[in-house]
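Peer 1: 3D model of this:
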Amino acid sequence: MGINFKDIHIGSLIQQSVLENNIETSRICNFLKCSEKDIVEMYNSKSLDTELLLRWSKLTEYDFFRIYTQHLILFAPPASLKQEKTSKTSLPQFRKNIYTKEVIDFILEQINSNEKTKSQVIEEYRIPKTTLHKWIEKYKV
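Peer 2: Numbering: from 1, shown residues only. I've put the predicted structure just below:
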């Protein structure tokens, strides 16, 4: 399959990106202002500081933050229906259910492998039934 959105190990994903893009260690050291030992430690880290993750995203030209966004889409509890809609925030607001190809593949793979039924996917990930059926038709599950 691909990325495990439930249990993210960001260091190994960064290492994978570095290998796939053939980024030289010397370039990484210069860009991040760190040693080779620091790089190995980052590859072995389950999580990284956001500033550092932002630098890795720029270097590899891959948005590692989206992996966490996909985790939220799949595994965050739904907002309470009784929650006050009048609460204001100065933080930017984003649409929650924007499914990437990776998330669609992840979900369809669970159905294909009989790990989950269509009903379980609809209930656990709060994916509308019509949306799931469109994906199945489009990607021929």
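
Peer 1: per-domain residue ranges of the chain.
Peer 2: Listed domain ranges for the chain are 10-65, 101-139 (source: automatic domain parsing).

Peer 1: any idea how far residue 55 is from the residue nearest the centre of the chain?
Peer 2: A centroid search over the chain (CA atoms, centre = their mean) returns residue 67, at 1.6 Å, as the residue closest to the centre. For residue 67, the distance to residue 55 equals 16 Å [CB to CB, to the nearest Å]. (C-beta placed from N, C-alpha, C; glycine too.)

Peer 1: what of residue 69?
Peer 2: Applying CB to CB to residue 69 and residue 55 gives a distance of 19 Å.

Peer 1: what does residue 132 give?
Peer 2: 37 Å.

Peer 1: please apply the same query to residue 129.
Peer 2: Distance of residue 129 to residue 55, given as CB to CB: 41 Å.

Peer 1: between these two, which one's more packed in?
Peer 2: residue 55 (17 against 11; other CB atoms under 10 Å).

Peer 1: my read: the more buried one touches residue 31, true?
Peer 2: Yes. The criterion here is CB atoms under 8 Å, and residue 55 meets it with residue 31 at 7.0 Å.

Peer 1: tell me how far stretch 20-28 lies from the chain's centre.
Peer 2: The chain centre lies 22 Å from the centre of stretch 20-28; the measure is CA atoms, centre = their mean, to the nearest Å.

Peer 1: which residues make contact with that stretch from outside it?
Peer 2: 18, 34, 36, 39, 59-61 (CB atoms under 8 Å, 6 or more residues apart in numbering).
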